[in-house]
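[1] coords please:
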Amino acid sequence: MNKEFKVVDLTHTLSPEILTWDGSCGFEMATTLDYADCTHPDLFRKHSLKMECGIGTHIDAPAHVVLDGRTVDKLIMEELVTGCIVIDVSSEAHENYMIMPEVVEKFEKKYGEIKSNSFVIFYTGWDKHWNDTEKYNNNHKFPSVDISTAKLLMERNIAGLGIDTLSADTGINGFPVHREILGADKYLVENVANARELPSSGSRILVLPMKIKDGTEAPVRLVAFI
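    This next block holds a predicted model:
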């Protein structure tokens, strides 16, 4: 690894303890072959997985809400490996907080207009509750994105939008941000971890989902280089 770069893992670990949108456990791992079942010296342990595709740090492809939209396997490297922007609203965010366009405009006054094909992360600080599923779900009350902000980001032609909460929409008033972002053939990444470790601008992001044929969602390994 080039020591000029600091690598930041923005991915939550998958385990049976984490939650899905409806609050249930969406991850199961079973041992299908163990060391004791093998003949020495060739020892193996094998697992099978059963899980929701939209679990943990995961990507929503356009087809998640768009009929005949692009699926996960159709996303291209040029939009998944790109520049990363982090907009920090953690000092003001709360369970009913809506990220409004003024937040983006304030950011751009300081750092310049967001470049086309950027991956934009809203850091709300909500990931501090990740290990407490009740607080993290919070009856779907968590910081989210206003539709007007999503529209502004579409004017900037971003590649995708990330957030450190269960979703960019709480679902209380439907899913307008999903429709806006995914309807514009972009992607969403939800349950982002460790975004506080990134600079506001200047890092590079690797959004690497499981390449599932016809998948509308997929777990993603999200990694940034500073």
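[2] Buried residues, the longest helix seen in the chain. List them.
    Counting residues, the longest helix in the chain under DSSP state H turns out to be helix 101-111. Within helix 101-111, the residues scored as buried using 16 or more other C-beta atoms under 10 Å are Val103, Val104, Phe107. Just so you know, the C-beta spots here come from the backbone N, C-alpha and C atoms, and that holds for glycine as well.
[3] next one: stretch 12-26
    Across stretch 12-26, burial judged by 16+ other C-beta under 10 Å covers His12, Leu14, Ile18, Leu19, Thr20, Gly26.
[4] and the gap between Val89 and Thr124?
    With distances taken as C-beta to C-beta, to the nearest Å, Val89 is found 6 Å from Thr124.
[5] residues shared between the contacts of those two?
    Common neighbours of Val89 and Thr124, counting by C-beta atoms under 8 Å, 6 or more residues apart in numbering, are Tyr97, Ile99, Pro143.
[6] I'd say the last one and Ala168 touch.
    The one in question is Pro143. No. Using C-beta atoms under 8 Å, Pro143 and Ala168 do not qualify as a contacting pair, with a distance of 9.7 Å.
[7] And for the most centrally placed residue in the chain, nearest residue in space, chain neighbours not counted?
    Nearest to the centroid of the C-alpha atoms of the chain, with distances taken as C-alpha atoms, centre = their mean, sits Val189, at 2.5 Å. Leaving out its chain neighbours, the residue that sits closest to Val189 by C-beta to C-beta, 6 or more residues apart in numbering is Gly162, at 4.0 Å.
[8] Output the buried residues of helix 101-111 in JSON lines; the columns should cover distance to Asn138 and pLDDT.
    Putting the buried residues of helix 101-111 into JSON lines (distance: C-beta to C-beta, whole Å; pLDDT from 0 to 100) gives the following:
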{"residue": "Val103", "distance to Asn138": "21", "pLDDT": "98"}
{"residue": "Val104", "distance to Asn138": "25", "pLDDT": "98"}
{"residue": "Phe107", "distance to Asn138": "26", "pLDDT": "98"}
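[9] Poorly predicted segments of the chain, please.
    Residues of the chain meeting the criterion pLDDT under 70: 1-2.
[10] same thing but at 80, please
    Counting by pLDDT under 80, the chain shows low-confidence ranges at 1-3, 23-25.
[11] rewinding a little: Val89 and Thr124: who's more crowded?
    It is Thr124, of Val89 and Thr124, that has more neighbours when counted by other C-beta atoms under 10 Å, with 26 against 17.
[12] thought the more buried one was touching Ile163?
    Yes. Applying C-beta under 8 Å, one finds Thr124 in contact with Ile163, separated by 6.9 Å.
[13] so what's in contact with the two at the same time?
    Pro143.
[14] can you give me the helices in this protein?
    Taking DSSP H as the criterion, the chain contains helices spanning 77-80, 101-111, 133-137, 147-155, 176-183.
[15] Would you reformat those as CSV and include distance to Lys6?
    Formatted as CSV, the entries for the helices of the chain read as follows, by distance: least, C-beta to C-beta, whole Å:
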stretch, distance to Lys6
helix 77-80, 20
helix 101-111, 19
helix 133-137, 27
helix 147-155, 26
helix 176-183, 29
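[16] deepest of those, which one?
    Neighbour counts averaged per stretch over these are highest for helix 176-183, at a mean of 20; criterion: mean count of other C-beta atoms under 10 Å.
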